[in-house]
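Visitor: Attaching a predicted model along with its sequence, questions to come.
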Amino acid sequence: MSETLSLFDGADTLLNVPSTQSIKYAGSKLKLIPQILQLAQKVNAKTILDGFSGTTRVSQAFAKLGYNVVCNDISSWSKVLGTCYLLNTKQRSDYQPLIDHLNALPPIDGWFTEHYGGHINTGSAMQKDGLKKPWQLHNTRKLDAIRQEIEDLNLSFVERAVALTSLMLALDRVDSTLGHFSSYLRMWSPRSYKELVLEVPEVFTSEGHHQVYQSDIFELVPEVSPDLAYFDPPYGSNNEKMPPSRVRYAAYYHLWKSVILYDKPQLFGKANRRADSSDQSSASVFEEFRRNGDGRFIVVEAIEKLIRMTQARWILLSYSSGGRATADELNDVMQTNGKLLAVTEIDYKRNVMGNMKWSYEWTPSTTKPNQEYLFLLEKR
């Protein structure tokens, strides 16, 4: 998926928002990129840390605008995307022979077909074993052949990332899911009947000096000194009856991890999830739903700790009104650690640009659960 957006700032000056490309993702900030870039342009930043890069769309946009980008995410598949787009030094045409070679491979039956490939069954994705599958057999057989060949080829670090990114994008175009892998559709989606065909990713070259990491954010921030840090941490639900929702990330995208690592892990559950994506082993402190001994939400402590440890003059924080942290708590964190320069509110249920507002107070409506907020903070 790729898209080009445009935005008018307060002076009616057209800001060109670069196109970006990535997989479907529940936490994607594609629709917020214009507001993120607009806020970043209000300060004199040259180097940007994208601390929870996910699909890397934000990192791609910053890189195309000439910023030096430090791209980081704990996910192995995110690091591959970052490497493909930010560290590439070749033209797209240079990768066409590799992609043509992978497309020409004869299909084989392998690990992915065994666990994730399904028969058509007159439209139903439900198989004889009682499980639904994310892809049809004709595509998992191609996946098995291509993934093994990528493993066997003598590819450079960036070439491997380009090949794996191409494979992820192709798989994303023929899946039978709602965009994640914690459950699959009961009836095959129309796109799942299509053939898996790899295309060269929309790679680019830029003048910036970029770095790509796969680190725990608390281990990384003491080691880098960007001008501006953009943080989009995962959000735990604010529903008191709901357990922590780390499933949105570690489990929702477990299959991308298996495609990248090719480690054929132990699986469990109706969705054949990786064992290491279980609730016990993959929880994020930013999705924590509990309070500490003083009655304060643990996630609020984590956000404050992150802001305090970050060696940047400016911090841009994304947060949702559906997250665990409340408005008052985040305001306290901001005021304690610096000067709040701006807050942007976006309502996803209505026209995004028609509902963007600027204020120095965060006053979300309790009746609008889909508000997204961007806080621009200047640290003391």
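Guide: Arrived safely.
Visitor: Do a quick rundown of the helices in the stretch 151-300 of the chain.
Guide: 157-172, 217-220, 254-261, 279-282, 298-309 (DSSP state H, counting those that start in this stretch).
Visitor: So which of the ones you listed is nearest residue 63?
Guide: helix 157-172 (14.4 Å; CB to CB). Any C-beta I mention is one placed from the backbone N, CA and C, and that applies to glycine too.
Visitor: average pLDDT for that closest one?
Guide: Mean pLDDT, helix 157-172: 98.
Visitor: Name the residues that touch it?
Guide: 1, 21-24, 77, 80-81, 83-85, 87-90, 95, 98-99, 102, 135, 139, 143, 146-147, 150, 153, 155, 196-201, 203, 256, 259-260 (CB atoms under 8 Å, 6 or more residues apart in numbering).
Visitor: Quick check, residue 260 in contact with residue 77.
Guide: Yes. The pair residue 260 and residue 77 qualifies as a contact (CB atoms under 8 Å) at a distance of 4.8 Å.
Visitor: all strands for the stretch 101-250 of the chain, in order.
Guide: 117-118, 135-136, 211-213, 228-231 (DSSP state E, counting those that start in this stretch).
Visitor: list the buried ones in the third one?
Guide: What that stands for is strand 211-213. 212-213 (16 or more other CB atoms under 10 Å).
Visitor: Parallel or antiparallel, list what pairs with it.
Guide: As defined by DSSP bridges, the strand partners of strand 211-213 come to strand 68-72 (parallel).
Visitor: next helix or strand past the strand it pairs with?
Guide: Counting by DSSP states H and E, the next helix or strand C-terminal to strand 68-72 is helix 76-86.
Visitor: between that next one and helix 254-261, how big is the angle?
Guide: Between helix 76-86 and helix 254-261, the angle comes out at 60 degrees (axes from the mean of the first three to the mean of the last three CA atoms, to 10 degrees).
Visitor: hmm, back to that, looking at the strands of the stretch 101-250 of the chain, which is nearest to residue 332?
Guide: Among the strands of the stretch 101-250 of the chain, the nearest to residue 332 by CB to CB is strand 228-231 (17.1 Å).
Visitor: what packs against that closest one?
Guide: In terms of contacts (3 or more CB pairs under 8 Å, 6 or more residues apart in numbering; DSSP states H and E), strand 228-231 is packed against helix 33-40, strand 47-50, strand 314-320.
Visitor: Tell me which of those is the most buried.
Guide: When neighbours are counted by mean count of other CB atoms under 10 Å, the highest per-stretch mean among those falls to strand 47-50, a mean of 28.
Visitor: any idea how far residue 268 is from residue 314?
Guide: For residue 268, the distance to residue 314 (CB to CB, to the nearest Å) stands at 43 Å.
Visitor: one step back: for the strands of the stretch 101-250 of the chain, which one sits closest to residue 30?
Guide: strand 228-231 (14.4 Å).
Visitor: Note down every partner strand of the closest one and its orientation.
Guide: Short version: by DSSP bridges, strand 228-231 pairs with strand 47-50 (parallel), strand 314-320 (parallel).
Visitor: contacting residues around the next helix or strand after the first one?
Guide: When you say that, I think you mean strand 47-50. Using DSSP H and E, the helix or strand that follows strand 47-50 in sequence is helix 57-64. Residues outside helix 57-64 that contact it (CB under 8 Å, 6+ apart) are 17-18, 20-22, 28-30, 33, 36-37, 40, 48, 50, 53, 69, 71, 82, 85-86, 204, 206, 208, 210, 230, 232.
Visitor: any low-confidence regions in this protein?
Guide: In the predicted model, the chain carries pLDDT under 70 at residues 1-15, 235-248, 279-283, 286-290, 295, 321-327, 348-370.
Visitor: Which residue of it lies farthest from its centroid?
Guide: Using CA atoms, centre = their mean, the residue of the chain lying farthest from its centre is residue 122. It sits 34.2 Å away.
Visitor: separation between that one and residue 187?
Guide: According to CB to CB, residue 122 and residue 187 sit 10 Å apart.
Visitor: quick one on the thing from earlier: drop anything exposed from the contacts of helix 157-172.
Guide: 21-23, 77, 80-81, 83-85, 87-88, 95, 98-99, 102, 135, 139, 143, 146-147, 150, 196, 198, 200-201, 203, 256, 259-260.
Visitor: most centrally placed residue in this protein?
Guide: residue 54 (2.4 Å).
Visitor: Could I get the contacting residues of that one?
Guide: Residue 54 neighbours (CB under 8 Å, 6+ apart): 25, 27-29, 73, 75, 78, 232.
Visitor: Highest neighbour count among the residues you listed?
Guide: residue 78 (28 neighbours; other CB atoms under 10 Å).
Visitor: surely that residue meets residue 55?
Guide: Yes. At 7.3 Å, residue 78 counts as touching residue 55 under the criterion of CB under 8 Å.
Visitor: Now residue 165: closest residue in space, sequence neighbours ignored.
Guide: Leaving aside its sequence neighbours, residue 165 sits nearest to residue 84 (CB to CB, 6 or more residues apart in numbering; 4.1 Å).
Visitor: Check the spacing between the one you found and residue 176 real quick.
Guide: 25 Å.
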